[in-house]
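Enquirer: From the sequence below, what's the structure:
(chains A and B)
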There are 2 protein chains.
Amino acid sequence: MQIKVYLTEDEMPRQWYNLAADLPSPMQPPLGPDGKPISPDMLAPVFPMNIIEQEVSQERWIDIPEPVLEILARWRPSPLHRAYSLEKALDTPAEIYYKNESLSPPGSHKPNTAVPQAYYNKVFGIKRITTETGAGQWGSALAFACALFGLECKVYMVRISFDQKPFRKIMMQTWGANCVASPSTETKAGRDVLAKHPDTPGSLGIAISEAVEAAVTDSTGKSRYALGSVLNHVMLHQTIIGLETKKQFAKIGVKKPDIVIACAGGGSNFAGLSFPFLTDKIAGANIEVVAVEPSSCPTMTRGPFVYDHGDTAKMTPLLPMHSLGHDFVPPPIHAGGLRYHGMAPLVSQAIVEGLVKPRAIGQLECYAAAVLFARTEGIIPAPETSHAIAAAVQEAKKAKEEGKKKVILFNFSGHGLMDLAGYDNYLQGKLRDYPLPDSEFGPSLRELDKLPKPKAVKTGKW
Amino acid sequence: MQIKVYLTEDEMPRQWYNLAADLPSPMQPPLGPDGKPISPDMLAPVFPMNIIEQEVSQERWIDIPEPVLEILARWRPSPLHRAYSLEKALDTPAEIYYKNESLSPPGSHKPNTAVPQAYYNKVFGIKRITTETGAGQWGSALAFACALFGLECKVYMVRISFDQKPFRKIMMQTWGANCVASPSTETKAGRDVLAKHPDTPGSLGIAISEAVEAAVTDSTGKSRYALGSVLNHVMLHQTIIGLETKKQFAKIGVKKPDIVIACAGGGSNFAGLSFPFLTDKIAGANIEVVAVEPSSCPTMTRGPFVYDHGDTAKMTPLLPMHSLGHDFVPPPIHAGGLRYHGMAPLVSQAIVEGLVKPRAIGQLECYAAAVLFARTEGIIPAPETSHAIAAAVQEAKKAKEEGKKKVILFNFSGHGLMDLAGYDNYLQGKLRDYPLPDSEFGPSLRELDKLPKPKAVKTGKW
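Expert: Okay, the predicted model is just below:
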């Protein structure tokens, strides 16, 4: 009885997979506030040019640099587990597999892109990377990567998280990053907000504004900004997850999964697992691909496909994506990484084209699935990850009803050891779901009506 | 460049190694309060007989049951890492390797014994296991193991940790354990303490008394007690660590390490890594074996080898061990798992016989080594683990001074994600060392003078 499948370091994928090369419709460019396409060189003050080249690349395969592989090999290839105990508890004929991304030192899939981003900045001559973080998953992953490459790391952490969740901040500091509460007095963006609202809890939108400003106004020219999700190059870097999984399935004689599941906030862990399987689906394989979001932040299931800003403050370019509107404020669910109004353009387009089926699940069902998982498989999941588990449980029950022996695969994107307060609330019966009336989201979408709508073709094939 | 060495599940050791079979002197029996040896059947109300048999076994090799292997395979075999980045930072000619025990779901080596202990209780017909926990590493590991075998788990957690460190408690509850603050009103031992000291912060000694009482007074006869360190069977279960490491060294052509290092509180992670190498040392191999303790709790370096109680309240039998006295109260260092007055009898005897060299290091040096490790190798160590790292750094510097290409191996016993407050204090310069005058420990040792002294032969061979 084999519990998990390892690959050797020699078997690690040497290239990332770029879905943009295979999508039926071409990707739509980002737009400036005037509605005109943004060219790569306009992004040069924000990102190093080697990353911008990846962002706009149409190449199907992109080499992973050797120094990046050497860092990833600290915890990769990650194991693919067979969830025998969960299957038994559900009495399902389905085989359930999960790819375990929780074994990275920061505890999630985020370092898969933090490491190459730090590397590309390093070889481009950059000395300092700035970023924002909400609950701290991304900030700690970037702090980790910067430490290993000897780069300075500056993290603007949303004030309320900075105060309420001190442990992620300590992680960043242990890795040598400089982490400050946002809004801070260090940037004009921060000072402007503080002047008007001295007691503001902060927001991801404000923190993005500060991090971008800190990068572009550095007079040495040696600072750049980094983003942990949404953008094409981030999706690209995460595809090592799915590429490894395919090799692992081949080792144990599983031809293909029937269902591939991951949670999606900005979309990166979902893209990482699923994109290498989408290429097979585009080529005709019968694979159902499910992206799971919280029903309280239903970007994919209820948000339109529009051009919208990535941040509340409208500092970022307009991206073609599913969105609830850049001023949408999600209810206070514990899965902080899924509380985002938009969705990665690559994932959004795959949804519009019918390749990906989104699904929304409430947090009570997710926590129930997470506790079941912890008590059977033994690992306590991140609240974000619990959404993927809940969908896998739904599918395993369906397989039982249908009497079908399906192969279900999901991404175990991170552990929950830094997010235990949510479990405490759940076990004490203090949590609730947040069903949303339509009126609660999307007002800002109307102001986008003047802009061109992004195009994508639903072929009806999938 | 190979970063780490994996073994497949097929290559997992199928037997544990029992050092008692190879020690030059026979192990001394535990004694009752009257100074007379305790027989195995006297322990039957406390432990199931299959575990008692292991405790007194002289067999060199003991089979690991298949259901135990299937659970251990969730995260084992654990990787052996080459610390290239740490070597580079230290500019040492030494090769540094570490065995990564931090990848278990509870984050440390503790489940290596929690899982077999839960298994043996299960097959013996036990329904509920009771235990105590200080900071919570052991309690969470046992809660994890009990969840996977469908056993009830009752944890008495020292009151001050219960209140100050809620996250370990939530981990236990998520795995379904019932965790209460000790002293509790549920036992006579707890009520007696509360009657006299209603505001007591509790102690490990009191918690042990409660857990043992709860096991032996269960009228169904279906409860037993479990201990996470110190005892022979716990050392035995941990030897899978060193046995795997030897196979991993063989895979990459390393004939033997020159120095084997682990931290030691009760002794279990140290025994786990080092005992399989001690058998080679006994047979003549030139291997230095170092057990590292905090200079503020110098059990091995300054405590005599005596018969002493395992707990403050003198509820446990007398064990032959290095001890600072059962009423020693260590200073408030962050490495909670190393704040113990005694040391495992097997480890103690190996020290007396000259096989193991103890070393004491202050917490400031340990935190400095831990931060260096986090910023080079990328993983944030548990405060306990930082003691092993500090000794490895000392040895790597010594190798540089001597110009010798030594092979250094240490046990990375656990990650520090649940212990970040100590890093915060260290980085803010708030920590200090605690040099101890002799007068601060050992007064209770004098009362033991009436008892027979345990015997062990220092052969002078090592």
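
Enquirer: Which residues of the stretch 351-462 of chain A lie near chain B?
Expert: By CB under 8 Å from any CB of the partner chain, the part of the stretch 351-462 of chain A that sits against chain B consists of A:371, A:374-380, A:415, A:417-418, A:420-421, A:423-424, A:427. In short, each C-beta sits where N, CA and C put it, glycine included.

Enquirer: make it 7 Å
Expert: A:371, A:374-375, A:378-380, A:417-418, A:420, A:423-424, A:427 (CB under 7 Å from any CB of the partner chain).

Enquirer: Centroid-nearest residue for chain A?
Expert: The structure's chain A has its C-alpha centroid closest to A:S268; by CA atoms, centre = their mean the separation is 3.2 Å.

Enquirer: Tell me which residues touch it, please.
Expert: By CB atoms under 7 Å, 6 or more residues apart in numbering or on different chains, the contact set of A:S268 is A:113, A:229, A:234-235, A:238, A:344.

Enquirer: likewise A:T239?
Expert: For A:T239, the contacting residues are A:16-17, A:272, A:275-276, by CB under 7 Å, 6+ apart.

Enquirer: mind checking how far the residue nearest to the centre of chain A is from B:P79?
Expert: Between A:S268 and B:P79 the computed distance is 25 Å (CB to CB, to the nearest Å).

Enquirer: Same check on A:P65?
Expert: Distance from A:P65 to B:P79, by CB to CB: 23 Å.

Enquirer: So for the two, which residue has more residues nearby?
Expert: B:P79 (22 against 15; other CB atoms under 10 Å in any protein chain shown).

Enquirer: pLDDT score assigned to that one?
Expert: pLDDT recorded at B:P79 is 97.

Enquirer: Excluding chain neighbours, what is closest to it?
Expert: Nearest residue to B:P79, sequence neighbours excluded (CB to CB, 6 or more residues apart in numbering or on different chains): B:K4, at 4.2 Å.

Enquirer: so that neighbour makes contact with B:L80?
Expert: Yes. The criterion here is CB atoms under 7 Å, and B:K4 meets it with B:L80 at 6.3 Å.

Enquirer: neighbour-wise, which of these two wins?
Expert: When B:K4 and B:L80 are compared on other CB under 10 Å, the one with more neighbours turns out to be B:L80, at 24 against 20.

Enquirer: which non-adjacent residue is nearest that one?
Expert: Once flanking residues are discounted, B:L80 sits nearest to B:Q248: 4.1 Å by CB to CB, 6+ apart.

Enquirer: list the contacts for the one you found?
Expert: For B:Q248, the contacting residues are B:5, B:7, B:80, by CB under 7 Å, 6+ apart.

Enquirer: Include secondary structure and distance to A:A89 when you put the residues you listed into TSV, please.
Expert: Below are the contacts of B:Q248 laid out as TSV (DSSP: H, G, I helix; E, B strand; the rest coil; distance: CB to CB, whole Å):
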residue	secondary structure	distance to A:A89
B:V5	strand	34
B:L7	coil	29
B:L80	strand	33
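
Enquirer: Which single helix of chain A contains the most residues?
Expert: Ranked by number of residues, the top helix in chain A under DSSP state H is helix A:383-402.

Enquirer: Before we move on, what's the pLDDT of the nearest residue to A:H334 once chain neighbours are set aside?
Expert: Distances taken as CB to CB, 6+ apart place A:G422 nearest to A:H334, at 3.4 Å, with adjacent residues excluded. pLDDT for A:G422: 95.

Enquirer: Surely A:G422 is in a strand?
Expert: No. Judged by DSSP: H, G, I helix; E, B strand; the rest coil, A:G422 forms no part of a strand; its state is helix.

Enquirer: And for it, the neighbour number?
Expert: 23.

Enquirer: Kindly report the same for A:K405.
Expert: A:K405: 11 surrounding residues under other CB under 10 Å.

Enquirer: A:S25 too?
Expert: Burial measure for A:S25: 14 neighbouring residues, criterion other CB under 10 Å.

Enquirer: Same question for A:E186.
Expert: 16.

Enquirer: now do A:E53
Expert: With other CB under 10 Å as criterion, A:E53 counts 15.

Enquirer: pretty sure it is in a strand, no?
Expert: No. A:E53 is assigned helix when assessed by three-state DSSP, not a strand.

Enquirer: For the closest residue to it other than its chain neighbours, what are phi and psi?
Expert: Leaving out its chain neighbours, the residue that sits closest to A:E53 by CB to CB, 6+ apart is A:P40, at 7.3 Å. Note on A:P40: its backbone torsions stand at phi -50, psi -40 [degrees, to the nearest 10].

Enquirer: I'd like to know how far A:P40 sits from A:V56.
Expert: To A:V56, A:P40 is 6 Å away according to CB to CB.

Enquirer: ok, now A:K430?
Expert: Distance of A:K430 to A:V56, computed by CB to CB: 46 Å.

Enquirer: What of A:P116?
Expert: Relative to A:V56, A:P116 is positioned 16 Å away (criterion: CB to CB).

Enquirer: With neighbour numbers in mind, choose between the two.
Expert: A:P116 (28 against 15).

Enquirer: got the contact list for that one?
Expert: With CB under 7 Å, 6+ apart, A:P116 has these contacts: A:68, A:237.

Enquirer: Check which element follows the helix or strand it falls within along the chain.
Expert: Secondary-structure assignment from DSSP states H and E places A:P116 in helix A:111-123. Beyond helix A:111-123 in the direction of the C-terminus, DSSP H and E gives the next helix or strand as strand A:128-133.

Enquirer: which stretches of chain A aren't confidently modelled?
Expert: By pLDDT under 70, the weakly predicted segments of chain A are A:439-443, A:460.

Enquirer: what does it have sitting close to chain B?
Expert: Applying CB under 7 Å from any CB, we find that chain A lies next to chain B at A:1-4, A:6, A:8-9, A:70, A:73-74, A:85, A:103, A:105, A:107, A:144, A:147-148, A:167, A:170-171, A:173-176, A:371, A:374-375, A:378-380, A:417-418, A:420, A:423-424, A:427.

Enquirer: Now which of the residues you listed would you call buried?
Expert: A:3-4, A:6, A:9, A:70, A:73-74, A:85, A:103, A:105, A:107, A:144, A:147-148, A:167, A:170-171, A:173-176, A:371, A:374-375, A:378-380, A:417-418, A:420, A:423-424 (16 or more other CB atoms under 10 Å in any protein chain shown).
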